[in-house]
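Novice: Quick one, fold the following:
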Amino acid sequence: MRMSVIGCGYLGAVHAACMADLGHEVVGIDVDPGKIEMLASGHAPFFEPGLPEALRRALDSGRLRFSTDPADAAGAQVHFVAVGTPQTAGSDAADLTYVDAAVQGLLPHLADGDLVVGKSTVPVGTASRLADAVRASSGADLAWNPEFLREGFAVADTVSPDRFVYGVPSGDAGERATAVLDEVYATALATGTPRLVTDYATAELVKVSANAFLATKISFINAMAEIAEATGADVTQLADAIGHDARIGRRFLNAGLGFGGGCLPKDIRAFRARSRELGLESLDFLADVDAVNLRRRDRVVALADELLGGDVAGARVAVLGVAFKPDSDDVRDSPALDVARRLHAAGADVVVHDPEANETAARLAPDLTYVDDASSALRDADVVLVLTEWKQFKALRPADVADLVAHRRLVDARNVFDPAEWREAGFEFRSLGRP
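Specialist: Alright, predicted model coming up:
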């Protein structure tokens, strides 16, 4: 099937490469010439495991090409809209500028029978509004097919997702849209991947509801970490205990520095803002979810300050990890990078190593010092902060660190180490929600 993908960022580039790798004929379109040039030459503009290989296979097959010209979408049967919906400046609401522009740019190139498929995360009500414009100008139809990608696992989540959700219009148009999407995703559907066909509003709500729930679960256990810190309890053992309850489960109950990235923080704010626009207070609790998450950053800065005797200025601080999560180079709203920047602003000499995110972090925080390996970051450090749980950092043992640092002080902001092991090796050790 011929298809276009409008927007070649984290979502669109992965979707384009994977669809072509599955056998479809795909053109990826983006307004950024530099990004398009990189993709067309087989180089991913960001780190995502498995993407370079999928991209190269798709390009070599001749089924994938990239362009900056929206007119190249003409002739495709399916058009995926995969542009960003950032937080509006000065507001919690989602900025739909890029979504609206992408759809408007497509309209002159659509034909009767085409299907525009939204994948961007949007406020409920957006699809219905855009569907009217698409139908009025071209006779094409619109569906909403939210993505559920996890950075670090995006290729697998595209090829073998845990479910498909189709938001389609009623009647014959909805049946046509469903049939087209079934053809697009035939490979995964043949393996038994669940598929839910619903209306626009429900499809839009599925993605933001899922993100709100995950954020709430993370902030819940971080709130419990605050209680544990005040009472001497161990939040990790608490999470293990309540996680055995099948109604709760253990996943996303890892207390630590909190969530970040380009989805959860902005999505919960936009969801609450949309609820308020609808005249509802139903999602006001998400403000507390957000606040708990941000307080964990304050706590890590305070722990570093405590280990340094209340005087951060001039101290050499080793920061291991600035990506918002491992297996990614994404530093958007990264709690790790935020902590590093705050300590630098307080006068610390912050030395950073991240296996993949040094370059992306340096664009946002060029005043920090970036080094190519953990040993260089650790050398002569007055305190060590483990802020992103890369497997390389989780594998560190006290003997790997002790002779490199100036002082044996460590803040485990992801609760990945055994406190007793590090304390027995002479480290002043702090973590979140654990004695």
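Novice: Now do the strands in the stretch 1-150 of the chain.
Specialist: Using DSSP state E, counting those that start in this stretch, the strands of the stretch 1-150 of the chain run over 2-6, 25-29, 64-67, 78-81, 115-118, 141-144.
Novice: I'd like these written out as TSV, with mean neighbour count, mean pLDDT and distance to residue 311 added.
Specialist: (Each C-beta comes from the backbone N, C-alpha and C, glycine too.) Converted to TSV, those look like this (neighbours: other Cβ atoms under 10 Å; pLDDT from 0 to 100; distance: least, Cβ to Cβ, whole Å):
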stretch	mean neighbour count	mean pLDDT	distance to residue 311
strand 2-6	25	98	52
strand 25-29	25	98	51
strand 64-67	21	98	52
strand 78-81	26	98	52
strand 115-118	26	98	52
strand 141-144	27	98	53
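Novice: and those as TSV, adding distance to residue 244?
Specialist: Output for the strands of the stretch 1-150 of the chain, formatted as TSV (distance: least, Cβ to Cβ, whole Å):
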stretch	distance to residue 244
strand 2-6	42
strand 25-29	45
strand 64-67	46
strand 78-81	41
strand 115-118	39
strand 141-144	37
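Novice: Out of these, flag the one nearest residue 165.
Specialist: Nearest to residue 165 among those is strand 141-144 (8.2 Å), distances taken as Cβ to Cβ.
Novice: Where does the prediction get shaky in the stretch 251-400 of the chain?
Specialist: Applying pLDDT under 70 to the stretch 251-400 of the chain flags no residue at all.
Novice: mind listing the strands for it?
Specialist: For the stretch 251-400 of the chain, applying DSSP E, counting those that start in this stretch gives strands covering 316-320, 349-353, 369-370, 383-386.
Novice: can you tell which of the ones you listed is closest to residue 53?
Specialist: strand 349-353 (25.7 Å).
Novice: tell me what that closest one is packed against?
Specialist: strand 316-320, helix 335-345, strand 369-370, helix 374-378 (3 or more Cβ pairs under 8 Å, 6 or more residues apart in numbering; DSSP states H and E).
Novice: what angle sits between that strand and helix 335-345?
Specialist: Interaxial angle, strand 349-353 versus helix 335-345 (axes from the mean of the first three to the mean of the last three Cα atoms, to 10 degrees): 150 degrees.
Novice: Run the chain-centre distance for strand 349-353.
Specialist: The chain centroid and the centroid of strand 349-353 are separated by 24 Å, computed with Cα atoms, centre = their mean, to the nearest Å.
Novice: Given it, what are its sheet partners and their directions?
Specialist: Sheet pairing of strand 349-353 (DSSP bridges) gives strand 316-320 (parallel), strand 369-370 (parallel).
Novice: Return the most buried member of these.
Specialist: Mean neighbour count (mean count of other Cβ atoms under 10 Å) peaks for strand 316-320 among those, with a mean of 28.
Novice: got TSV for the strands of the stretch 251-400 of the chain, with distance to residue 109 too?
Specialist: Shown next, in TSV, are the strands of the stretch 251-400 of the chain (distance: least, Cβ to Cβ, whole Å):
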stretch	distance to residue 109
strand 316-320	47
strand 349-353	45
strand 369-370	43
strand 383-386	49
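Novice: Those: which one's closest to residue 73?
Specialist: Of all these, it is strand 369-370 that lies closest to residue 73, at 39.2 Å by Cβ to Cβ.
Novice: any idea how far the closest one is from the chain center?
Specialist: The answer for strand 369-370 is 24 Å, by Cα atoms, centre = their mean.
Novice: show me the contacts for residue 34.
Specialist: By Cβ atoms under 8 Å, 6 or more residues apart in numbering, residue 34 lies in contact with residue 45.
Novice: Return the per-residue confidence for it.
Specialist: Looking at residue 34, its pLDDT is 97.
Novice: Tell me where the stretch 201-350 of the chain has helices.
Specialist: 235-243, 264-277, 285-307, 335-345 (DSSP state H, counting those that start in this stretch).
Novice: tell me what the second one is packed against?
Specialist: When you say that, I think you mean helix 264-277. Counting contacts by 3+ Cβ pairs under 8 Å, 6+ apart, helix 264-277 packs against helix 200-231, helix 285-307.
Novice: Buried residues, stretch 355-375. List them.
Specialist: For stretch 355-375, the neighbour count (16 or more other Cβ atoms under 10 Å) marks 355-358, 360-362, 365, 368-371, 374 as buried.
Novice: Ignore what I typed, I meant stretch 230-245.
Specialist: Applying 16+ other Cβ under 10 Å to stretch 230-245 flags 233, 234, 235, 236, 238, 239, 242, 243 as buried.
Novice: which pair in these spans the largest distance?
Specialist: Farthest pair in these, by Cβ to Cβ: 233 and 243, 15.4 Å.
Novice: where does the stretch 51-200 of the chain have low pLDDT?
Specialist: In the stretch 51-200 of the chain, no residues with pLDDT under 70.
Novice: quick one: the helices in it?
Specialist: With DSSP H, counting those that start in this stretch as the definition, the stretch 51-200 of the chain shows helices at residue ranges 51-61, 97-106, 126-138, 154-159, 171-184, 186-190, 200-231.
Novice: Quick one: the ones you listed as a markdown table, columns for distance to residue 397 too.
Specialist: Output for the helices of the stretch 51-200 of the chain, formatted as a markdown table (distance: least, Cβ to Cβ, whole Å):
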| stretch | distance to residue 397 |
| --- | --- |
| helix 51-61 | 32 |
| helix 97-106 | 46 |
| helix 126-138 | 50 |
| helix 154-159 | 31 |
| helix 171-184 | 48 |
| helix 186-190 | 41 |
| helix 200-231 | 24 |
